[in-house]
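Q: Everything below, folded, please.
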Amino acid sequence: MKQVSVIVPCRNERRYIEGFCAGVMRQQLLPEWQLQLVVADGQSDDGTRELLQSIAQRDPRVMWIDNPARIVSTGLNAALKLATGEIIVRMDVHSEYADDYVAQCLAVHAETSADNVGGPWHAVADENAGPMQQAVAAAFQSRWVAGGALSRQLDYDGWVDTVYLGSWPRQTFERFGGFDEQLVRNQDDEHNLRIVKGGGRVWQSSRIRSVYRPRANLSQVFRQYLQYGYWKPFVMKKHGQPASMRHAVPGVFVALLAVSLLMALLGGGAAPFWSLVNLYALGVLVMTVAVAQTQTLAMPVLLRIPAVIAAYHFGYGIGSIIGWWDVLRHGAGQERFAKLTR
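A: Residues are numbered from 1 along each chain as shown. Sure, this is the predicted structure:
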């Protein structure tokens with residue numbers, strides 16, 4: 001009997017953990033495959049741990065382990081220590097998965113012999129979501145807003161630099177190591193970068209289908225992307241790799257905007273500042289129109305798209321600048337950027 005292990009980091013997921021575990025255990029596999037679920041709990045204090053203990057007692061295929069550091073990378077590594085599968089599949093509690101999600105991961109591994117296999121990142125608002133979460137999901141899925149990231153293209157099949165979540169043969173971790181526990185965010189991007197730079201390959205398949213439920217609050221979106229931007233420079237420093245255009249643009253723009261504002265306040269003229277503001281406003285308008293052309297959106301949703309786009313870009317840009325400052329100053333991340341954004 002072959003075994004596949006699903007590893008999951010979580011913290012304070014009482015509302016979702018039972019449904020999530022039940023969904024994982026309903027995954028449809030070929031008869032020769034057996035599924036194991038390992039959950040690493042980040043010291044939840046809302047009853048999640050008690051529910052995990054109850055679930056594990058009822059179903060021997062489910063295991064859970066403590067994650068005292070409370071961040072994703074340490075949780076994934078802790079779960080890896082208990083995982084016994086020859087294929088390891090990562091899942092997150094706030095995503096929903098097709099019944100053949102794991103089966104498709106196994107099939108694509110057999111077809112490609114890739115070191116990591118995953119599907120696209122598909123954001124969908126909750127069934128009864130308000131206009132803000134619908135706007136967050138709509139903007140998230142736009143290639144314009146995401147800078148052309150292949151991970152947002154639902155129909156793309158091929159070799160990529162990174163994938164959403166991912167699944168790996170056990171040999172991948174033996175060859176490239178586990179997740180970097182110094183990174184609160186971007187640990188998946190860093191691991192994929194390590195694979196690719198080490199001669200490995202990453203494959204994205206449109207057959208591996210899941211739905212991600214994005215944040216429903218604008219401030220949470222801003223904080224989420226502030227963290228993404230903050231931790232990206234630490235990945236770049238570790239690997240000595242310059243930022244790609246889509247990662248560099250938000251930080252460069254925010255820096256130029258701040259410098260032009262300072263110049264205006266010091267009497268150097270406000271024209272450069274307002275030129276940048278107008279240019280960005282025009283860009284946001286163009287992106288909003290692009291989002292509206294690819295999706296059917298109600299007016300309350302459409303009116304929130306510009307604010308969501310700005311939260312994405314300014315959160316990431318400000319985070320990048322602070323991240324580079326800390327990288328160059330002392331090379332260590334700040335604890336305040338390690339707090340969960342849900």
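Q: which regions of the stretch 201-342 of the chain sit below the pLDDT cut-off?
A: 239, 241-245, 331-333, 335-342 (pLDDT under 70).
Q: ranges for the strands of it?
A: 202-204, 210-212 (DSSP state E, counting those that start in this stretch).
Q: Using a markdown table, please lay out these together with distance to Leu80 and mean neighbour count.
A: (C-beta placed from N, C-alpha, C; glycine too.) Below are the strands of the stretch 201-342 of the chain laid out as a markdown table (distance: least, Cβ to Cβ, whole Å; neighbours: other Cβ atoms under 10 Å):
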| stretch | distance to Leu80 | mean neighbour count |
| --- | --- | --- |
| strand 202-204 | 18 | 23 |
| strand 210-212 | 21 | 17 |
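Q: Redo those strands as JSON lines? Include distance to Thr294.
A: Listed next are the strands of the stretch 201-342 of the chain as JSON lines, based on distance: least, Cβ to Cβ, whole Å:
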{"stretch": "strand 202-204", "distance to Thr294": "20"}
{"stretch": "strand 210-212", "distance to Thr294": "17"}
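Q: between these, which gets nearest to Lys238?
A: Closest approach to Lys238 among these (Cβ to Cβ): strand 202-204, 18.0 Å.
Q: Can you list the strands that that closest one pairs with?
A: Strand 202-204 sits in its sheet next to strand 116-119 (parallel), strand 158-160 (antiparallel), going by DSSP bridges.
Q: between the strands of the stretch 201-342 of the chain, which gets nearest to Ile321?
A: strand 210-212 (27.0 Å).
Q: From the chain's centroid, how far away is that closest one?
A: 11 Å (Cα atoms, centre = their mean, to the nearest Å).
Q: tell me which strands and helices it is in contact with?
A: On a contact count with 3 or more Cβ pairs under 8 Å, 6 or more residues apart in numbering; DSSP states H and E, strand 210-212 meets strand 95-97, strand 164-169.
Q: In CSV, list those along with mean pLDDT.
A: Putting those into CSV (pLDDT from 0 to 100) gives the following:
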stretch, mean pLDDT
strand 95-97, 91
strand 164-169, 95
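Q: Turn those into JSON lines, including distance to Phe234 and mean neighbour count.
A: Formatted as JSON lines, those follow (distance: least, Cβ to Cβ, whole Å; neighbours: other Cβ under 10 Å):
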{"stretch": "strand 95-97", "distance to Phe234": "25", "mean neighbour count": "20"}
{"stretch": "strand 164-169", "distance to Phe234": "20", "mean neighbour count": "23"}
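Q: Can you say which of these is nearest to Asp157?
A: Among these, strand 164-169 sits nearest to Asp157 (Cβ to Cβ), with 14.0 Å.
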